[in-house]
Every structure is written in structure tokens, then in C-alpha cells.
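In: only the shape, not the letters, is given here:
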């Protein structure tokens, strides 16, 4: 089977797959299970092992095992439309900035990809092609060697040791200005990796051409610390996106050092985090009322006499420290006709009091837009002043329309319902006094 025709094995989050099972015409073989079993031993949270198979968790994305690609899609309704949820996942990743690139062709990635991995490979290739076209960065570096010309400074101990019978040579340390530096070494190493793991024939020719155009640089062993020490300046800033994708690919690649065939590469995302970012970016994008919108807004909560203090961190806070402050907490789950968990409601009760919020809301995906307002009781068992609304947001195929819908629902209807609840509370209090 040619690489172009190879289909991914597509599953949804929390779905199980066992050895010998065929999903969408793709067979899950024992060698694939054994590769995932070894990968699981390194401490991955993406799936759990079951008898003769794996069960995927709340992470979505793609896992490549040798030539098999497993794509894990999100799911928030009762349907099982693979193409719909693949496009929605790609759209969400674009919306939260996972596919932002510097290249002028970034308006649309051209590969009709079978998986998220194909998109990231094309993203990296497009970035590096653009860097090569505009000219790769050069830097000064120190180099030692035995030369026939004298330049730099002589390293006397090495010179005497190596040139005792070669009077025409000089062992020197000198400065070189070229393209052999850490940033280009990272890109070079990632190009080699991409060439090994690519299964898309459309990308193969571009990778080959890029391999020929890229200059020869030294190989290197890379660590997280080396990436952390990289500081981008005015000249190196164009490298930033390509380096971030390279880091993603290099440190999520787990080679099969025993057989050398079933290498594992996992690019996975926590769907709860993606949902939170997506709602936040949607509110930011269509913020036409000048509201302040903060994500992961920290606030001190508790401090022991000895130890580290604990901080409170809600997902989204709108108009913090204002009379119309609202706290949102996103949950990627299908709530259905059930109530939220008691722990979630307790959490929202604390947010309401600690942030002096006029309203708090739990945000879920759903098959329709719906708001169900609730009121917290006070310690005396009477209707209190704090409210918590349950908001379900209809999933839409067109991401821009979905984002606009999220902003409109949370900006207009939520506040309208909140005022409605406040009116009901006021009426109940007046009736109680009467």
C-alpha cells in the first residue's frame, strides 16, 4: 500500500481498541499494542492499558506507531462523524494558535492530511522552506583545528603534540562566521526525523528538496535545558515557530531501539485545556463591549505557617474587581440531563464569594445552546444571593461561526439570565418579608 493511500485508525476519546480489532478498515495488530505498551511504561497519560488493548483518555491528537497512525478525536455528542470531528479538532487547534506560522503561505495548509501529524509535518516543512528562502541565520562560533594558515591563536600544547613533524601546519583556535549553530542544528535534526516518520507521499518530495537545500551542520544531542536557554532576538525571531514545532516533534518521538521498526510519535492535547483556551480565544476575538477577559487569573487563597501558599485559579474571569465581574469554568464533557458534580458546584460557590462575582457559570459543549440558572442557598437554608448558571454551547462545524456564537451567548444571554435570577431573588425576599 502506498503512503498516500494509508488510512489512519480513527477513534474517539475514551474509546477502547483491542488486538485484532478493525476500526474503519484499519487493523490494530499485536505489534502495535506491544509498541504502545512499551510507550505506556514511560509514563504517558494519553491512554490506559486494558486486556489485550488500550483505552484512550481525555487527550486528543495523533499517535504514530511505525507506519500506523492512530488519530484520537474529541466527541461531545451522540454522533460518530469522523470527518466532522477531525475538522472541528483542526479548527480548534487553529483558533488557539497551534497552527500559527510565519510563512506567507500560512493562510491554508495544502496537504489533504489524514491526521493531525500530517498538518504538523507540513507546518514544519513550510516554516523551514521559508527560512531557507529568506536566508538562514549566520552566527560567530569558536573552532579549533590543524590548518596550513595561521589565524586566530595557536594552541601550543596541541600544536606541539600534533605538528612536531609538520612545520607547515598550525593548531589554532579561531572564529568562524557561518550557519553551523544551535538553531540550524535543531532544524537539521528535525528534518532527519521528519524524513524518517513521514508517510505522506505529497510531503516526501518537499522533504527531499529541503534536505538538499539545507546546509551541512554538526549533529548534536538535544535536551530540554538547551531549548530553555534559547533566547530569540531580532535576527532569530523568525525561527521561533519552527523551533517550537521541532521541540514538539523531537521530544515526543520514542524510537524502538530493540527492533527499530515500531517507533512511536505522539502529538496529543488535553481536551479540557483546549476547550478552555477555545472559549477564552472566542471571547477575546469577538469582544465588542470592551470587557476585560483574563484566563487563569491567580489569587491567593490559603497560606500555612510552614510551607507554600495555595492559590485559586479559575479558568476565565470577566471584568475582574468590577461590580459586573463574572467567573467562567469550562468543562469538556457531555452533561446531558444531569446536574454538575457537587465538587464543581462547591468550586463555583467559592469563586462567587472570593471574587465577589455577580454570577458564575459552568460552560459545557452540547447539541444546542441552553442556559439553566441556579441559585446557591445560604447557611440558614434560605435562597442566597449567589448564582451559578449551567451553559451548554452548540457545537458547530464552521469554527468562526461557533466562536461568534460562544461570544454572543456568554456576552448577552448569560447576563440577561443573571439579571432575571437576581430579580427572582429580590421578589422572593420581598415575599418573605411580607
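Out: Happy to help now that I have it. Since this is a predicted model, take the numbers as computed values, not measurements.
In: shaky segments in the protein?
Out: Under the criterion of pLDDT under 70, the regions of the chain flagged as low confidence span 1-5, 42, 78-80, 100-114, 256-261, 412-434.
In: give the buried residues for the particular helix or strand that has residue 349 in it.
Out: Per DSSP states H and E, residue 349 falls inside helix 342-354. For helix 342-354, a neighbour-count test (16 or more other CB atoms under 10 Å) marks 345, 347, 348, 349, 351, 352 as buried. No exception for glycine: its C-beta is placed from N, CA and C like everyone else's.
In: got a list of contacts for that helix?
Out: Contact with helix 342-354 is made by 299, 301, 312, 314, 327, 329, 331, 357, 359-360, 362, 376, 386-388, as judged by CB atoms under 8 Å, 6 or more residues apart in numbering.
In: 7 Å - rerun?
Out: The set of residues external to helix 342-354 that reach it, using CB atoms under 7 Å, 6 or more residues apart in numbering, is 299, 312, 314, 327, 329, 357, 360, 362, 376, 386, 388.
In: tell me which helix or strand comes right after that helix.
Out: Note on helix 342-354: by DSSP H and E, the next helix or strand toward the C-terminus is strand 359-366.
In: list the buried residues for the very next helix or strand once past that following strand?
Out: If you walk from strand 359-366 toward the C-terminus, the next helix or strand you reach (DSSP H and E) is strand 370-377. Counting neighbours by 16+ other CB under 10 Å, one finds that the buried residues in strand 370-377 are 371, 373, 374, 375, 376.
In: any chance of these in JSON lines, with distance to residue 242 too?
Out: Written out in JSON lines, the entries for the buried residues of strand 370-377 read as follows (distance: CB to CB, whole Å):
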{"residue": "371", "distance to residue 242": "43"}
{"residue": "373", "distance to residue 242": "48"}
{"residue": "374", "distance to residue 242": "48"}
{"residue": "375", "distance to residue 242": "52"}
{"residue": "376", "distance to residue 242": "50"}
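In: of the residues you listed, just say which sits nearest to residue 405.
Out: When the buried residues of strand 370-377 are compared for distance to residue 405 (CB to CB), residue 371 comes out closest, at 13.0 Å.
In: quick one, helices of the stretch 251-400 of the chain?
Out: In order along the chain, the stretch 251-400 of the chain carries the following helices (DSSP state H, counting those that start in this stretch): 271-285, 342-354, 399-408.
In: residue 128 is nearest to which of those helices?
Out: Ranked by CB to CB, the member of the helices of the stretch 251-400 of the chain that lies closest to residue 128 is helix 271-285, at 26.1 Å.
In: outside of the closest one itself, list whatever touches it.
Out: Under the contact criterion CB under 7 Å, 6+ apart, helix 271-285 has outside partners 13, 58-60, 74, 92, 95-96, 293, 295, 315-316, 330, 332, 363, 403, 406-407, 410.
In: try stretch 384-392
Out: The list of residues contacting stretch 384-392 from outside it, by CB under 7 Å, 6+ apart, reads 335, 340, 345, 348-349, 352-353, 359-366, 368-378, 409-410, 414, 417-418, 421, 425.
In: apply 6 Å and report the result again.
Out: Surrounding stretch 384-392, the residues in contact under the criterion CB atoms under 6 Å, 6 or more residues apart in numbering are 348, 352, 359-364, 366, 370-378, 421.
In: got the contact list for residue 366?
Out: By CB under 6 Å, 6+ apart, the contact list for residue 366 reads residue 392.
In: tell me how far it lies from residue 75.
Out: To residue 75, residue 366 is 12 Å away according to CB to CB, to the nearest Å.
In: any chance of the helices of the stretch 251-400 of the chain in JSON lines, with distance to residue 219 too?
Out: Rendered in JSON lines, the data for the helices of the stretch 251-400 of the chain read as follows (distance: least, CB to CB, whole Å):
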{"stretch": "helix 271-285", "distance to residue 219": "34"}
{"stretch": "helix 342-354", "distance to residue 219": "50"}
{"stretch": "helix 399-408", "distance to residue 219": "40"}
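In: please name the nearest non-neighbouring residue to the spatially most central residue of the chain.
Out: Residue closest to the mean C-alpha point of the chain, counted by CA atoms, centre = their mean, is residue 269 at 5.1 Å. If you skip the residues right next to it in sequence, residue 269 has residue 61 as its closest partner in space, 5.2 Å away by CB to CB, 6 or more residues apart in numbering.
In: isn't the one you found right up against residue 268?
Out: Yes - contact criterion CB atoms under 6 Å: residue 61 and residue 268 qualify, at 3.9 Å.
In: these two: which has the busier surroundings?
Out: residue 61 (24 against 20; other CB atoms under 10 Å).
In: residue contacts, that one?
Out: 116, 267, 268, 269.
In: partners of it in the sheet?
Out: Here residue 61 shows beta-bridge partners residue 72, residue 268, assigned using DSSP bridges.
In: also the one 4 residues further on?
Out: Beta-bridge partners of residue 65, counted by DSSP bridges, are residue 68, residue 264.
In: who's sitting farthest from the centroid in the chain?
Out: The outermost residue of the chain relative to its centre, with distances by CA atoms, centre = their mean, is residue 165 at 59.5 Å.
In: three-state assignment of that residue?
Out: The three-state assignment at residue 165 reads coil, by DSSP: H, G, I helix; E, B strand; the rest coil.
In: can you read off the backbone torsions of it?
Out: The phi and psi values for residue 165, taken as degrees, to the nearest 10, are phi -110, psi 10.
In: do residue 153 as well
Out: Phi and psi for residue 153, reported as degrees, to the nearest 10, are phi -120, psi 140.
In: list the contacts of it.
Out: Residues in contact with residue 153, defined by CB under 6 Å, 6+ apart, are residue 173.
In: would you mind measuring from it to residue 146?
Out: 14 Å.
In: what do you get for residue 292?
Out: Using CB to CB, we find residue 292 at a distance of 64 Å from residue 146.
In: follow-up on the earlier one: relative to residue 115, how far out is the residue nearest to residue 269?
Out: From residue 61 to residue 115 the distance is 9 Å (CB to CB).
In: repeat for residue 21
Out: The gap separating residue 21 from residue 115 is 19 Å, by CB to CB.
In: now whichever strand or helix holds residue 89 and strand 359-366, what's the angle there?
Out: In this structure, residue 89 sits in helix 82-95 according to DSSP H and E. Angle, helix 82-95 to strand 359-366, by axes from the mean of the first three to the mean of the last three CA atoms, to 10 degrees: 140 degrees.
In: what packs against helix 82-95?
Out: Taking 3 or more CB pairs under 6 Å, 6 or more residues apart in numbering; DSSP states H and E as contact, the helices and strands that helix 82-95 lies on are strand 68-73, helix 271-285.
In: which residues are contacting that helix?
Out: Contact partners of helix 82-95, identified using CB under 6 Å, 6+ apart, comprise 10, 60, 73, 74, 99, 274, 278, 281, 399.
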